[in-house]
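Q: Okay, here's the prediction I keep looking at, along with the sequence it came from:
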Amino acid sequence: MTDEFVVKATIMDDAAIERALVRIAHEIVERNKGVEDVVLIGIRRRGVPLAERLAAYISEFEGVSVPTGELDITLYRDDLTLRHDRPVVHETNVPFDVTGRVVVLVDDVLFTGRTIRAAMDALVDFGRPSAIQLTVLIDRGHRELPIRPDFVGKNVPTSRSELVEVKVPPVDSTHDYQVVIMEKAEGVE
Amino acid sequence: MTEAGQLQRKDILGLEELSRQEIELILQTAQSMTEVLQRTIKQVPTLRGRTVLNLFYEPSTRTKGSFDLACKYMSCGTISVSKASSSLVKGESLRDTVRNIEVMGPEAIIMRHPSPGAPHYLARMVSSSVINAGDGAHEHPTQGLLDLLTIQQHKGGFEGLEVAIIGDILHSRVARSDIWGLNKLGARVTVCGPASLLPPVMDQFDCRVTTDVEEAVRGVDVIYVLRVQSERQQQSFFPSLREYHRLYGIDVRRLALADSDALLMHPGPMNRGIEITTDVADGPQSVILQQVPNGVAVRMALLYLLLGGG
């Protein structure tokens, strides 16, 4: 499928992403008046390195380490019966109790909101967080569910037919973080 | 862009048919399922609204219980038919039983049957997925897969691993599934038992055959002890249980001949004091009790891989 798409524009380069993540790290601390009860949970796969980077910034500013976890939402998807392929189930790793804590979910791109619905369903199976907040690097619109992010790296208006790709090491074979918009190649329908 | 986690098949009938890639996908998925089993709430909503039929023509405690749990944890409904309570005792043929059940519409049928090939016959007749839960002395693929998962968790991989399977190879569907799987993943297998309990022809398998247990276990990474099927004892495959224990039973002394990190495995139910002594069965190298939850994880993985998509 990727073959039919070509890069239309680079929306964020490594430096822009770093600035956005530093700002979000500050906003998370500010919103929660510290990070005492805060945990970060990245949604596999690209949310995981993003959550770890946010945790590193927060520990740099605040001098405390914030627990991070990894959530695989495959078993909670609502589109399994509609798909022809079958996504690989990866391991979830939430090595702490979420009950009574503020869980900040981290993902790369917010689109329809269905991944976040699945993530919240998965999360409440682990306990009862006092609150769930949502961080995304890119909000590209086109929500299909009443879900909104609390912390956003960049709002990017897109058309539905475009793709937004976030390149994150080590998930993608790249050194630099990057966000690109892709569109269907000319002459390919 | 999603990794395609596809099994290119409707049924799981044996490890003989599975490719190395398919086995690795099943093990990877099952490993992810082991995390679900550690949660307080073990149920995930993945297979809501699906129905699985358990068709057991032979007694089974752990396999059936394990499939039942796997179905419940994946949120699919189950109906169970066992031989004693079914129309089979009224003389209904397997074909007719299955035709009637199929119109009830289960997405998968899990079958245990004393005749080798019965699940294959079923799989050809129905559009539902069929999982073989043991067919005679032929294959027991979910046991084979849970054994592989247990080995992988402890040894990391299979390439060059030495595995000794001890006991009644002739009647063992577990041994057959294990050998197929281990061969495909690159492990080296030695089978050992009394000559009367070794198949006359082992050419289809890539394994070493011996009747000397001490030679079989020397330096190996895994000792897999099979159950003595004492119901076969009347057929005089070996002179006495006592002699079997003396010649083939795994005890501290024989376990010590294997690699110092060797795993000790058994499919259950164990005959303590016959094929295995209590001190090694409950000892530090035994992973027998880890095989059981791994069985649930493997069955959850297969249900997901067979029924999880459109």
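A: Here it is on my side, so go on.
Q: contacts and neighbour counts: CA atoms only from here.
A: Noted.
Q: and residue 87, what pLDDT?
A: No chain specified, so I'll use chain A. Predicted confidence (pLDDT) at A:P87: the value is 89.
Q: look at chain B instead
A: The per-residue pLDDT reported for B:S87 equals 65.
Q: so how far is the first residue of stretch B:164-181 from its last?
A: End-to-end distance for stretch B:164-181, by Cα to Cα, to the nearest Å: 14 Å.
Q: Likewise for stretch A:141-151?
A: For stretch A:141-151, the first-to-last residue distance is 14 Å (Cα to Cα).
Q: what's the answer for stretch A:148-158, then?
A: End-to-end distance for stretch A:148-158: 17 Å, by Cα to Cα.
Q: Give me the secondary structure label for the residue in chain A that chain B sits nearest to.
A: Per Cα to the nearest Cα, A:T81 is where chain A lies closest to chain B, at 3.8 Å. The three-state label given to A:T81 by DSSP: H, G, I helix; E, B strand; the rest coil is helix.
Q: Could you tell me how many residues sit around it?
A: Residues within reach of A:T81, counting by other Cα atoms under 10 Å in any protein chain shown, total 15.
Q: tell me the secondary structure for B:E17?
A: B:E17 - assigned by three-state DSSP - is coil.
Q: Count the neighbours of residue 111 for me.
A: With no chain named, the answer covers chain A. By other Cα under 10 Å, 19 other residues sit near A:F111.
Q: was after chain B, sorry
A: B:M111 has 26 neighbours, counted by other Cα under 10 Å.
Q: Ok, B:V228 next?
A: B:V228 has 24 nearby residues by other Cα under 10 Å.
Q: Also B:W180?
A: By other Cα under 10 Å, 22 other residues sit near B:W180.
Q: Ok, B:G193 next?
A: Using other Cα under 10 Å, B:G193 has 23 other residues around it.
Q: Please report phi then psi for the closest residue to it other than its chain neighbours.
A: Once flanking residues are discounted, B:G193 sits nearest to B:G167: 4.6 Å by Cα to Cα, 6 or more residues apart in numbering or on different chains. Phi and psi for B:G167, reported as degrees, to the nearest 10, are phi 130, psi -140.
Q: Name all residues that make contact with B:G167.
A: Listed by Cα atoms under 8 Å, 6 or more residues apart in numbering or on different chains, the contact set of B:G167 reads B:191-194, B:197, B:225-228, B:248, B:275.
Q: Please tell me how far it sits from chain A.
A: Distance, B:G167 to chain A, using Cα to the nearest Cα, to the nearest Å: 36 Å.
Q: Tell me the first helix or strand C-terminal of the helix ranked longest in chain A.
A: What stands out as the longest helix in chain A, according to DSSP state H, is helix A:14-31. With elements assigned by DSSP states H and E, the helix or strand that comes after helix A:14-31 is strand A:38-43.
Q: Now do that next one: which elements does it pack against?
A: helix A:47-62, strand A:68-71, strand A:102-110 (3 or more Cα pairs under 8 Å, 6 or more residues apart in numbering or on different chains; DSSP states H and E).
Q: Can you tell me which of the ones you listed is packed in deepest?
A: Ranked by mean neighbour count, the helices and strands packed on strand A:38-43 are led by strand A:102-110 with a mean of 25 (mean count of other Cα atoms under 10 Å in any protein chain shown).
Q: Dump that one to PDB, keeping only the CA atoms.
A: C-alpha atoms of strand A:102-110 as PDB (Å, rounded to 0.1, in the frame of the first residue of the first chain):
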ATOM      1  CA  VAL A 102      -3.400   9.800  36.500                       C
ATOM      2  CA  VAL A 103      -2.600   7.800  33.400                       C
ATOM      3  CA  VAL A 104      -1.300   9.800  30.400                       C
ATOM      4  CA  LEU A 105      -1.900   7.800  27.300                       C
ATOM      5  CA  VAL A 106       0.700   8.600  24.500                       C
ATOM      6  CA  ASP A 107       0.200   8.000  20.800                       C
ATOM      7  CA  ASP A 108       1.700   9.300  17.600                       C
ATOM      8  CA  VAL A 109      -1.300  10.300  15.600                       C
ATOM      9  CA  LEU A 110      -4.900  11.000  16.600                       C
END
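Q: Next secondary structure after that strand?
A: Counting by DSSP H and E, the next helix or strand C-terminal to strand A:102-110 is helix A:114-124.
Q: related to what we said a few turns ago, among the contacts of B:G167, which are in helices?
A: Within those, residues falling in helices by DSSP H are B:Y248.
Q: Among the contacts of B:G167, name the buried ones.
A: Those of the contacts of B:G167 that meet the buried threshold are B:191-194, B:197, B:225-228, B:248, B:275, by 16 or more other Cα atoms under 10 Å in any protein chain shown.
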